[in-house]
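Peer 1: here is a sequence together with a model predicted from it:
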Amino acid sequence: MSIAIAETIIPVPFTDDTRSVRLHFDFENQKRRLTPDEFWDFCAKNRKLRAELTKDGDVIIMPPTGFESSEENLEVLLQLGLWAKKDGTGVVTESNGAYILPNDATKAPDAAWIRIDRLNQFSAEQRKKFLPIVPDFVVELRSDSDSLAYQQAKMEEWIENGVRLGWLIDTKTKRVHIYRPDIDAEILDDPAKVSGEDILPGFELDLTEIW
């Protein structure tokens, strides 16, 4: 198996302990992290792949989701998107919208919301690529085959890099893990709704449409 980046063919030497594949890039026998432009080029040349860049410079290739997970994710996006359209203060992105974090990782949550006033610092041309900014709010959904520890670590990384509120929705156990800065994650068991608090005022996700 090989993956194209720019004009170079890169081998795939190892996998991690999730369903994902991890790519290690060597440039003239020297490992170095991809630049944001190189990672963008990699994603542009491999559009059928869903990829993220770790803080250590490795590329993680995620498998496609199953029908059930796709349906659940769409429901989250529909509810969040309808609220955001009425609220008018921010923009929603889905799982192809990636953000360049302060720790140099590039990640794409299943759903995210970011304030328009923060986006206004970027030109229309810059918005065509991944942006060096973190969203205000993120959602990650865990499917049956996802590792809980991996998803929890990902949520913690979001918060450490500036996300103000995050939800890890575990459809397997019907739990919502709520992440906020500087405090331990709160776990809700089988909630009917979960609130966007003061980050997304007036937004409540109706989980009865997902469970």
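Peer 2: Yep, it's here. Numbers count the residues shown, from 1 in each chain.
Peer 1: in stretch 100-113, which residues are buried?
Peer 2: Judged by neighbour count (16 or more other CB atoms under 10 Å), stretch 100-113 contains these buried residues: 100-101, 104-113. Where you see a C-beta, it was placed from the backbone N, CA and C, and this is true even at glycine.
Peer 1: setting aside sequence neighbours, what's the nearest residue to Phe122?
Peer 2: Excluding its sequence neighbours, the residue lying closest to Phe122 (CB to CB, 6 or more residues apart in numbering) is Leu131, at 5.9 Å.
Peer 1: which residues does the longest helix seen in the chain contact?
Peer 2: Criterion DSSP state H: the longest helix present in the chain is helix 67-87. Applying CB atoms under 8 Å, 6 or more residues apart in numbering, the external contacts of helix 67-87 come out as 65, 90-92, 94-95, 110-111, 113, 139, 141, 143, 169, 171, 196, 200-203, 205-206, 209-210.
Peer 1: for stretch 138-149, same thing?
Peer 2: Stretch 138-149 is contacted from outside by 17-19, 65-66, 68-69, 72-73, 76, 80, 109-112, 151, 154-155, 158, 163, 165-172, using CB under 8 Å, 6+ apart.
Peer 1: return the subset of these lying in strands.
Peer 2: Among the contacts of stretch 138-149, the members found in strands (DSSP state E) are 111-112, 165-170.
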